[in-house]
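>>> what would the 3D arrangement of this be:
(2 chains)
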Number of protein chains: 2
Amino acid sequence: MSSERVKPDERANLRKRDPNERGAYAGEDGKARAREETRVLVARLAEWQERLYAEGRQALLVVLQAMDAGGKDGAVKHVMSGVNPAGVTVTSFKRPTDEEARHDFLWRVHAKTPPRGTIGLFNRSHYEDVLVPRVHGTLDEEALRQRVEAIRDFERHLAREGTTIVKFFLHISKEEQRERLQARVDDPEKRWKFQLGDLDERERWDDYQAAYDDLIGDTSAEHAPWYVIPANRKWYRDLVVARVLVETLERMNPRFPKEPEGVDWGTLRVK
Amino acid sequence: MSSERVKPDERANLRKRDPNERGAYAGEDGKARAREETRVLVARLAEWQERLYAEGRQALLVVLQAMDAGGKDGAVKHVMSGVNPAGVTVTSFKRPTDEEARHDFLWRVHAKTPPRGTIGLFNRSHYEDVLVPRVHGTLDEEALRQRVEAIRDFERHLAREGTTIVKFFLHISKEEQRERLQARVDDPEKRWKFQLGDLDERERWDDYQAAYDDLIGDTSAEHAPWYVIPANRKWYRDLVVARVLVETLERMNPRFPKEPEGVDWGTLRVK
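The predicted structure is shown next:
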């Protein structure tokens, strides 16, 4: 599975990564096998989350980025439903409010980082604050460079203080995006999800891909790796995301706390 | 199921409510049937939550109270795991921080009320701010009366602004609490959950029951009902909580949004 991981200072090279990839899950029964394996992984995720919560010493921050209709909401739903919501916070970052916009771009993000013992999931993130101004030309190169540097410093700081970070880019093809947006248009029950602005952003597809290429490369680090997830097939996307999360928690290896000292456990009787 | 609901201005009468109650689920296969039905209800809960989120106009606030070891964490885990955490926030209120203590007692609670489109679950709540000072005698009667009034006013305000409120008291017997606390002592893996202070609070059992009796009666309202849940049997507790939540969401009846106007849906082609 490590082929999805972008090595530090490597470019993401999205053009060479196949969004249709399905690894060992080709063939007729691939989808069914992947779904079953995902089910098992989600159950293990729930168990690890319980240990993380009990231990209360480490946090896990999960960043989800994608082009519009890339499947961020779906991945959250399919991978994180089943985990006890007492230990998970999902934050969707939208256009900044007036108050947020009066602060530096990391202020609202920092406020939502997960406390120890919990998993925090960012649906969009501080990465939008580099991507959008680059593609729309609203910040110059030096300002963009400074933002990237600030992100690297910020994530290194979080990691040092006990937060493990994983970042996912859900990689779909331009044609897949077209089909998904068209499906929202055609299905009256899905039209509320559709925004005309998505079509304007779609016209900047190549600019966004190039921006992601650089940004992923510039910010993938040992302590905060990027994973480029083949995401044309939703079931394969969910499987890989679930697997990376379980593997990450295995490495974090949270333990149930030891019994407190100062109590004579063997003889204590509750009356 | 409505026997669990406390009518406005009725006393809770905990002594007359059997924590061992299992309704229509007596008999050998009762537990298995209840578990299966809970599974179905949790799936429906997940569907309703999705509609609530899509609609984005109403919120659901769920308050969970119980004596120590009453099963609040277990109920959250069993009823809410399976719901998309993107639309659920669980807040556990602990001893107030220094900053929180410098504000009025509703300040930190108000800050955590669920935004429209989401479910907010309070594990303990503003009700502790009446129960504890009453039992420990740290506030006089007039001050306690004012807090109850403030809670009623606060919840009525939330309800008027679009938040549906349901409140659960998980009702266990004193003997059941003894067994559960003893189990924490005896099992090295559970000892981290045990606090010596729980034994002091246990000595005030009768005072807490009396305080709940009054408080539940004083604050059960049409727009914010209390439910006293028989909770000695965990599987019955989970079933009733899940059922009340599903019935509540059915009454709220959130709808998927209509399609936005101003778009010629029939002819729009994504290129």
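>>> for the lengthiest helix in chain A, buried residues please.
Secondary structure of chain A read by DSSP state H shows that its longest helix is helix A:30-55. Across helix A:30-55, burial judged by 16 or more other Cβ atoms under 10 Å in any protein chain shown covers A:30-31, A:34, A:37-38, A:41-42, A:45-46, A:48-55. Bear in mind the C-beta positions are built from the backbone N, C-alpha and C, glycine included.
>>> so in that sheet, which strands flank the helix or strand following that helix, and in what orientation?
The C-terminal neighbour of helix A:30-55 among helices and strands, as given by DSSP states H and E, is strand A:59-66. Sheet pairing of strand A:59-66 (DSSP bridges) gives strand A:119-123 (parallel), strand A:163-171 (parallel).
>>> what's the angle from the last one to helix A:30-55?
Between the axis of strand A:163-171 and that of helix A:30-55 there is an angle of 160 degrees, by axes from the mean of the first three to the mean of the last three Cα atoms, to 10 degrees.
>>> give the next helix or strand downstream of strand A:163-171.
On the C-terminal side of strand A:163-171, the nearest following helix or strand under DSSP H and E is helix A:174-186.
>>> so which elements touch that following helix?
Applying 3 or more Cβ pairs under 8 Å, 6 or more residues apart in numbering or on different chains; DSSP states H and E, we find helix A:174-186 packed against helix A:196-203.
>>> ok so, going back, between the strands paired with strand A:59-66, which one is nearest to B:Glu247?
Nearest to B:Glu247, of all the strands paired with strand A:59-66, is strand A:119-123, at 29.8 Å by Cβ to Cβ.
>>> how far away from the center of its chain is that closest one?
Here the centre of strand A:119-123 is set off from its chain's centre by 7 Å, with Cα atoms, centre = their mean, to the nearest Å.
>>> ok, residues contacting that strand?
For strand A:119-123, contacts defined as Cβ atoms under 8 Å, 6 or more residues apart in numbering or on different chains pick out A:49, A:52, A:59-64, A:72-73, A:76, A:80, A:83, A:87-93, A:109, A:112-114, B:85-86.
>>> buried subset of the residues you listed?
The buried subset of the contacts of strand A:119-123 - by 16+ other Cβ under 10 Å - is A:49, A:52, A:59-64, A:72-73, A:76, A:80, A:83, A:87-91, A:93, A:109, A:113-114, B:85-86.
>>> isn't A:Lys77 right up against B:Gly82?
No. Checked against Cβ atoms under 8 Å, the pair A:Lys77 and B:Gly82 is beyond contact range at 10.9 Å.
>>> residue contacts, A:Val244?
Going by Cβ under 8 Å, 6+ apart, A:Val244 touches A:Met1, A:Glu4, A:Val166, A:Phe168, A:Tyr227.
>>> go again with 6 Å.
Contacts for A:Val244 (Cβ atoms under 6 Å, 6 or more residues apart in numbering or on different chains) come out as A:Tyr227.
>>> against chain B, how distant is it?
As judged by Cβ to the nearest Cβ, to the nearest Å, A:Val244 and chain B stand 18 Å apart.
>>> that residue: what secondary structure?
Under DSSP: H, G, I helix; E, B strand; the rest coil, A:Val244 falls in the helix class.
>>> tell me which parts of the stretch 1-150 of chain A are close to chain B?
Contact residues, the stretch 1-150 of chain A versus chain B (Cβ under 6 Å from any Cβ of the partner chain): A:Val76, A:Lys77, A:Met80, A:Ser81, A:Gly82, A:Asn84, A:Pro85, A:Ala86, A:Val88, A:Val90.
>>> tally of neighbours for the nearest residue to the fourth one once chain neighbours are set aside?
Using Cβ to Cβ, 6 or more residues apart in numbering or on different chains and skipping the chain neighbours, the partner closest in space to A:Ser81 is B:Asn84 (5.0 Å). The local packing of B:Asn84 (other Cβ atoms under 10 Å in any protein chain shown) involves 20 other residues.
>>> from what I see, B:Asn84 and A:Met80 are in contact.
No. Look at B:Asn84 against A:Met80 with Cβ atoms under 6 Å: they stay out of range, at 7.0 Å.
>>> that older thread, which helices and strands does the longest helix of chain A pack with?
Under the contact criterion of 3 or more Cβ pairs under 6 Å, 6 or more residues apart in numbering or on different chains; DSSP states H and E, helix A:30-55 touches helix A:234-252.
>>> what mean pLDDT does the helix it packs on have?
Averaged over helix A:234-252, pLDDT sits at 98.
>>> how much does that helix deviate in direction from strand A:59-66?
Interaxial angle of helix A:234-252 relative to strand A:59-66 (the same axes, to 10 degrees): 160 degrees.
>>> you'd agree A:Ile216 is up against A:Arg11?
No. Look at A:Ile216 against A:Arg11 with Cβ under 6 Å: they stay out of range, at 7.7 Å.
>>> please say which of these two ends up with more neighbours.
Counted by other Cβ under 10 Å, A:Ile216 and A:Arg11 do not tie: A:Ile216 has more neighbours, with 23 against 14.
>>> list the contacts of the closest residue to the more buried one other than its chain neighbours.
Leaving aside its sequence neighbours, A:Ile216 sits nearest to A:Ala12 (Cβ to Cβ, 6+ apart; 3.8 Å). Residues near A:Ala12 by Cβ under 6 Å, 6+ apart: A:Val6, A:Asp213, A:Ile216, A:Gly217, A:Val228.
>>> so A:Ala12 sits in a helix?
No. Going by three-state DSSP, the assignment for A:Ala12 is coil, not a helix.
>>> mind putting the residues of the stretch 1-150 of chain A next to chain B into TSV with secondary structure?
Below are the residues of the stretch 1-150 of chain A next to chain B laid out as TSV (three-state DSSP):
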residue	secondary structure
A:Val76	helix
A:Lys77	helix
A:Met80	helix
A:Ser81	strand
A:Gly82	coil
A:Asn84	coil
A:Pro85	helix
A:Ala86	helix
A:Val88	strand
A:Val90	strand
